[in-house]
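build the 3D model from these lines:
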Amino acid sequence: MNEQPETVFHSASALGAQVDTLFLALLGITGTAALAVAATVVAFTIRYRAGSKVNRNDPPVRAPWVEVSWTVLPLLIFMGVFAWSSAVFSQFYRAPSNAVRIHVLAKQWMWKLEHANGKREIDELHVPLGVPIELTMTSEDAIHSFYIPAFRVKQDVLPARYTSLWFTATRVGRFNLFCAEFCGTDHSRMHGAVVVMPPAQFAQWLASGPIEPDLVTRGARIYRDYGCSGCHEPKSTVHAPGLIDLYGSVVHLSDGATAVADDNYLRDSILLPKKQVPAGFEPTMPSFQGQLDEDDLAALLAYLRSMPGATR
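Residues are numbered from 1 along each chain as shown. So this is what the prediction gives:
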């Protein structure tokens with residue numbers, strides 16, 4: 001890296017601004033409550049100190065309005081904060097339909113990232129300003145956690161499973177990228193940077209360097225080379241589930257359950273085909289466990305997502 005990432009106290013992403021507002025509101029509410037309690041304690045300490053000329057005869061034994069107030073008012077405030085925080089939190093898992101997808105592979109102790117056109121990075125992620133970015137992430141070994149403090153986003157990255165994260169950068173610059181989950185001896189060295197660039201400059205960067213096959217092209221080759229087309233094409237004589245219109249649809253399973261054909265479902269169908277068998281089909285598909293690595297799976301899934309009728 002040529003320059004150090006900047007440390008920022010103000011958020012540099014669209015959702016980060018909402019997180020900051022929520023945090024400051026919560027800080028204000030709890031701070032006000034703490035000051036009110038402290039002021040009451042000080043006032044009572046002074047007013048009812050030993051030797052003060054305060055009438056202590058016939059003290060009140062019940063004050064219903066006080067009891068109701070200190071129960072109902074905090075409850076309403078806490079429920080309001082809960083509803084607000086839930087609305088903000090849920091947005092982190094609803095990426096816009098026009099989000100640019102980037103594949104992330106975590107391993108001890110580095111981040112490997114691949115753009116849709118095949119361009120790869122290690123410990124550095126270049127993204128355009130103002131464009132929604134969706135990260136599809138998995139781990140090659142231990143549990144990691146993808147954390148960009150300036151964007152207020154953090155998501156665990158798990159082995160044998162895909163997790164996702166999205167953001168829209170609102171500031172140009174270099175920002176810290178950390179692993180926030182202890183993942184072994186060199187965990188503290190597993191860091192990098194997110195580089196936010198103006199869209200035109202990013203487009204030039206993305207097109208520069210060696211030309212690599214894009215994810216969809218590589219996935220199409222894997223689809224053919226491993227014989228997927230021989231079973232899953234519409235004209236195939238093999239009785240196997242069709243892949244057209246599959247991604248994002250609801251799949252009815254042989255055990256009566258249903259599943260959404262997302263990245264995790266397709267991954268399991270490739271590596272653990274007997275785990276969720278579609279209704280009306282026999283569990284005859286072979287497992288490709290050990291034959292496809294994470295890069296191959298990312299390419300193959302990109303190709304399946306590109307098929308007609310695929311939805312998010």
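
every contact and neighbour count from this point should use C-alpha atoms.
OK.

my reading is that residue 37 lies in a helix. Confirm?
Yes - under DSSP: H, G, I helix; E, B strand; the rest coil, residue 37 falls within a helix.

give me the neighbour count for it.
12 (other Cα atoms under 10 Å).

could I get the contacting residues of residue 234?
Applying Cα atoms under 8 Å, 6 or more residues apart in numbering to residue 234 gives the contacts residue 242.

revised request: answer the last question for residue 101.
Listed by Cα under 8 Å, 6+ apart, the contact set of residue 101 reads 115, 116, 133, 134, 135, 136.

same thing but 10 Å
Neighbour list for residue 101: 95, 114-116, 132-136, 164-166, 302 [criterion: Cα atoms under 10 Å, 6 or more residues apart in numbering].

same check on residue 15?
Per Cα under 10 Å, 6+ apart, neighbours of residue 15: 88, 89, 91, 92, 151, 152, 153, 166, 167, 168, 169, 170.

got the buried residues for whichever strand or helix holds it?
Per DSSP states H and E: residue 15 is located in helix 14-47. For helix 14-47, burial by neighbour count (16 or more other Cα atoms under 10 Å) applies to 14, 15, 16, 17, 18, 19, 22, 26.

need the pLDDT of the fourth one.
Pointing back at residue 17 there. Confidence at residue 17, expressed as pLDDT, is 88.

that one contacts residue 151, doesn't it?
Yes - in this structure residue 17 lies within contact range of residue 151 using Cα atoms under 10 Å: 8.6 Å.

which residues are in contact with each of those two?
Shared contacts of residue 17 and residue 151 (Cα under 10 Å, 6+ apart): 10, 11, 170.

of those, buried ones?
For the shared contacts of residue 17 and residue 151, a burial check counting by 16+ other Cα under 10 Å picks out 11, 170.

of the shared contacts of residue 17 and residue 151, closest to residue 293?
Set against residue 293, the nearest of the shared contacts of residue 17 and residue 151 by Cα to Cα is residue 170 (34.6 Å).

and stretch 112-130, how far from the chain's centre?
16 Å (Cα atoms, centre = their mean, to the nearest Å).
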